[in-house]
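In: Output the structure for:
(one chain, ligands or ions: 1)
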Amino acid sequence: MSAEIELRAVTHAYRTETGPLPVLRHLDVKMPPGSFTAFVGPSGCGKSTLTKLIAGLMRPDEGQVWLGGQMVRAPRATVGMAFQNPVLLEWRSILSNVLLPLEIVPNTLSRAARLDRARELLALVGLSEFEEKRPSELSGGMRQRASLCRALVHRPEVLILDEPFGALDAFTREDLWQTMARLRAEERFTAVLITHDLRESVFLADEIVVMSARPATIQYRMASRLPAARDLDILYTPEAVEMLATLRRQIQIAQGRDAA
Ligand SMILES: Nc1ncnc2c1ncn2[C@@H]1O[C@H](COP(=O)(O)OP(=O)(O)OP(=O)(O)O)[C@@H](O)[C@H]1O
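Out: You can find the predicted model right below:
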């Protein structure tokens, strides 16, 4: 099951020693069930804040976040999250790290069914042979694959990805994009991706939202012009190159480097 995500006039400021710091201003976005939306924007504009609001880790000052027709008031088990730093527990094997959400989120799965589910995901991301390893025995890319499995093991309706590939080298990152595309084809979730990498947003997303500098508003929205089935070569097609050029211009405008 995947859920619609709706931001209704979301506005938020942090309270700091020097007074309120307005971060998000009147964001209105609807993300249909099963869609993949990427948010890009200048550093510090409020992208991570947005993910915390969607996950229910914080409440907006004004406006509302709705998931699957319900207003978000607290953290939800139906949300999975993956971050730049995978934070796997070193004293647990990879398999046991992936199983963790099933120990926390209420569910009726038997031990065998939980193991089947975790192994199904590890196979999808090519980690079957590493299930008994400790996190430190894996490369950065492999650890991030495991963290994606952990985020998805309880079949969340919403997957929040806050720069999950940001710390990886360029080749590993592209590998992970393909892994993500495979997971998306097999699993059902509505995805929100925060990224600084425009190519990543073009490769993965159905819609790309450009946020302005802080306090962030929605500056620009672009529906993907690429077919749903994509391989890396698609990034060199005229459609993708044109999308990238437009997004780059929009980021420059958001950064105040372009008067256009
Ligand atoms: N808990 C907090 N208290 C006060 N200010 C905060 C807090 N969390 C974030 N901020 C500030 O709010 C602004 C937005 O932060 P946020 O992390 O959402 O931006 P971001 O777009 O994700 O940044 P980056 O692209 O650099 O990762 C920043 O100026 C940050 O310093």
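In: Any regions of the stretch 151-260 of the chain where pLDDT drops low?
Out: 258-260 (pLDDT under 70).
In: Can you name the residue of it nearest the ligand?
Out: residue 214 (5.9 Å; CB to the nearest ligand atom). All C-beta atoms are positioned from the backbone trio N, CA, C, and that covers glycine.
In: pretty sure that residue contacts residue 44?
Out: Yes: the pair formed by residue 214 and residue 44 meets the contact definition of CB atoms under 8 Å, at 6.0 Å.
In: Neighbour count for these two, which is higher?
Out: Legend: neighbour count by other CB atoms under 10 Å for residue 214 and residue 44, higher for residue 214 (18 against 12).
In: Tell me the secondary structure of the more buried one, please.
Out: Following DSSP: H, G, I helix; E, B strand; the rest coil, we place residue 214 in the coil state.
In: and the most centrally placed residue in the chain, bridged to which residues?
Out: Geometric centre of the chain, nearest residue: residue 161, 1.9 Å, by CA atoms, centre = their mean. Beta bridges link residue 161 to residue 82, residue 193, judged by DSSP bridges.
In: quick one: the residue of the stretch 151-260 of the chain closest to the ligand and residue 14, what's the gap?
Out: 10 Å (CB to CB, to the nearest Å).
In: Need the overlap of contacts for those two.
Out: 21, 23 (CB atoms under 8 Å, 6 or more residues apart in numbering).
In: What is the burial count for residue 150?
Out: 25.
In: any idea how far it lies from residue 78?
Out: 15 Å.
In: which bits of the protein sit near the ligand?
Out: Residues of the chain lying close to the ligand by CB under 6 Å from any ligand atom are 14, 16, 21, 23, 43-49, 214.
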